[in-house]
Each structure stands twice: as structure tokens, then as C-alpha cells.
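> Below is the structure, and that's it, no one-letter string:
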């Protein structure tokens, strides 16, 4: 997701503002905001630099050092000494992303990928758009 976001942001920022760049700037994609892109970058860096962090002793006791599915755990309401765990997010280190947010961002990325794949500049009228010949 980190690389896809970077690619999209670069396409959108094209200095010459080619037709595809203009089309991608019509709607603002939430997955490409600075805040979300920074979260993707941070998670990517956690994964990429994991071995280095382990070797340098920068992993605290009990700290998740692999990307894993996780979520809150609460006491079972009727069974003593039992818990109910809800798996609703991905976690690595101190970073996390909920599945619901991840699904929303992936759907938005898929929609943008379709727009890019179907984009055809209309050379006869000078206009641009999806599916134009």
C-alpha cells in the first residue's frame, strides 16, 4: 500500500499536469493524504527495518515485532477465567491499523486503479475522461 500510495501521489503531482494528472486531481483520495501516507510509510519502515531493530536490541520485551492480527480482549461475561478476543486490526510494534479502515482504503485504491486503467484522453475534442476514445 505504501508503494501504491507513493505512485499515485507522484502521478497526481506531475509537473506538466498531463491529462491523467488532471483527472487524478478531480477527487481527493483519502489514502493519499499526508496523514495516511505517513502511517503507511511508518508501518513499512517497521517491517523493513525489523531485523536491524532486533539486532540492535531496540525491541522491548513483549513488543510485537512481526505484523500480526490482533484486537481487544475482554473478560467473558459468564465464564470465569475466560476472555473474548476480537481480532479487528493489524499490529506491528506500536503501530496499528484497523481492518475496517484498511478495507475502506483498499476499496478506494481499487476504484482509483480502475480510473487509471480506463483513462483515455479524447484527442478529437481536446477533452479527457474515462472511456473516451
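Nice, I can see it. Everything quoted here is computed from the prediction, not taken from an experiment. Numbers count the residues shown, from 1 in each chain.

> contacts and neighbour counts: CA atoms only from here.
OK.

> Tell me the confidence at the nearest residue to residue 2 once chain neighbours are set aside?
Nearest-residue entry for residue 2: residue 40, 5.1 Å, with adjacent residues in sequence omitted and distances by Cα to Cα, 6 or more residues apart in numbering. Model confidence at residue 40, given as pLDDT, is 92.

> Now residue 40: which helix or strand?
Counting by DSSP states H and E, the element that carries residue 40 is helix 34-48.

> I'd guessed the residue nearest to residue 2 sits against residue 6; true?
No - with contact defined as Cα atoms under 8 Å, residue 40 and residue 6 do not form a contacting pair (9.8 Å).

> what about those two, which has more around it?
With neighbours defined as other Cα atoms under 10 Å, residue 40 and residue 6 compare such that residue 40 has more, 21 against 15.

> Residue 79 versus the more buried one, what's the distance?
For residue 40, the distance to residue 79 equals 39 Å [Cα to Cα, to the nearest Å].

> burial of residue 18, as a residue count?
For residue 18, the number of neighbouring residues by other Cα under 10 Å comes to 13.

> And residue 81, by the same measure?
With other Cα under 10 Å as criterion, residue 81 counts 8.

> For this structure, which segments count as helices?
Secondary structure of the chain (DSSP state H): helices located at 2-12, 19-24, 34-48, 50-55, 99-118.

> Including distance to residue 93, could these go into JSON lines?
Below are those laid out as JSON lines (distance: least, Cα to Cα, whole Å):
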{"stretch": "helix 2-12", "distance to residue 93": "17"}
{"stretch": "helix 19-24", "distance to residue 93": "34"}
{"stretch": "helix 34-48", "distance to residue 93": "7"}
{"stretch": "helix 50-55", "distance to residue 93": "9"}
{"stretch": "helix 99-118", "distance to residue 93": "17"}
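
> distance between the helix holding residue 40 and the chain's centre?
Here helix 34-48 is found 8 Å from its chain centre; the criterion is Cα atoms, centre = their mean, to the nearest Å.
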